[in-house]
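1. sequence and predicted model, in that order:
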Amino acid sequence: MEKNGCSISKISRSHQVKSLTLVSCKSRRTLKGKKLETYVTTFTINIPFEEWSKAYDSSIDDQKEAGITSIYRGFLKNDPTQGCSIMEAEAGQLDAFMAENAEMFAASGHALESSVISTYKPEWIDTRSSAEETL
């Protein structure tokens, strides 16, 4: 069954669960009518994180101009030389931005050759309509 663009599936009674409703909704987030992808990038930082984060923050306007939305930046809990950023953009935008700004990345302390980018398609469970479980 579908309601408001969400797929709703009922799972029948089992010996432990009487009823479970699963709700899955496609993303409605768009950029100029196109669906956005989410990018999780991990990389090595070769300067103190505080210095790298200042350089990252100074590039936010350039990111926005390129159609990239920065969601998160941080580092591995016990290793501040291992950075992580999460961004949303139209397919291909992040790759193009990184290629066009390779010198800026290198100057910021981001070791480009260490970058691992995982791309996630825009589909997830709408948390405003979370799964219902009746016991």
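-> It's in. Please read these numbers as outputs of a predicted model, since none were measured by experiment. Residues are numbered from 1 along each chain as shown.
2. report all helices and strands that the longest helix along the chain contacts.
-> Using DSSP state H, we find that the single longest helix of the chain is helix 49-58. Applying 3 or more Cβ pairs under 8 Å, 6 or more residues apart in numbering; DSSP states H and E, we find helix 49-58 packed against strand 69-76, strand 79-89. C-beta here means a position set from N, CA and C on the backbone, and glycine is covered the same way.
3. looking at these, which is buried most?
-> A comparison of these by mean neighbour count, using mean count of other Cβ atoms under 10 Å, puts strand 79-89 on top with a mean of 18.
4. and the next helix or strand past that strand?
-> Sequence order places helix 93-100 as the next helix or strand after strand 79-89, per DSSP states H and E.
5. go through that next one and flag the buried ones.
-> 93-94, 97-98 (16 or more other Cβ atoms under 10 Å).
6. which of the residues you listed sit farthest apart?
-> Gln93 and Met98 (9.7 Å; Cβ to Cβ).
7. ends of stretch 95-109, how far apart?
-> 18 Å (Cα to Cα, to the nearest Å).
8. shaky segments in this protein?
-> 1-34, 123-135 (pLDDT under 70).
9. what about the residue nearest to Ser59 when sequence neighbours are not counted, distance to Phe97?
-> Closest residue to Ser59 in three dimensions, ignoring its sequence neighbours and counting by Cβ to Cβ, 6 or more residues apart in numbering: Met104, at 6.6 Å. Per Cβ to Cβ, to the nearest Å, Met104 is found 10 Å from Phe97.
10. same question for Glu65.
-> Counting by Cβ to Cβ, the gap from Glu65 to Phe97 is 9 Å.
11. can I get the helices and strands packed on helix 49-58 in JSON lines with distance to Ser114?
-> Listed next are these as JSON lines, based on distance: least, Cβ to Cβ, whole Å:
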{"stretch": "strand 69-76", "distance to Ser114": "12"}
{"stretch": "strand 79-89", "distance to Ser114": "9"}
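12. thank you, goodbye.
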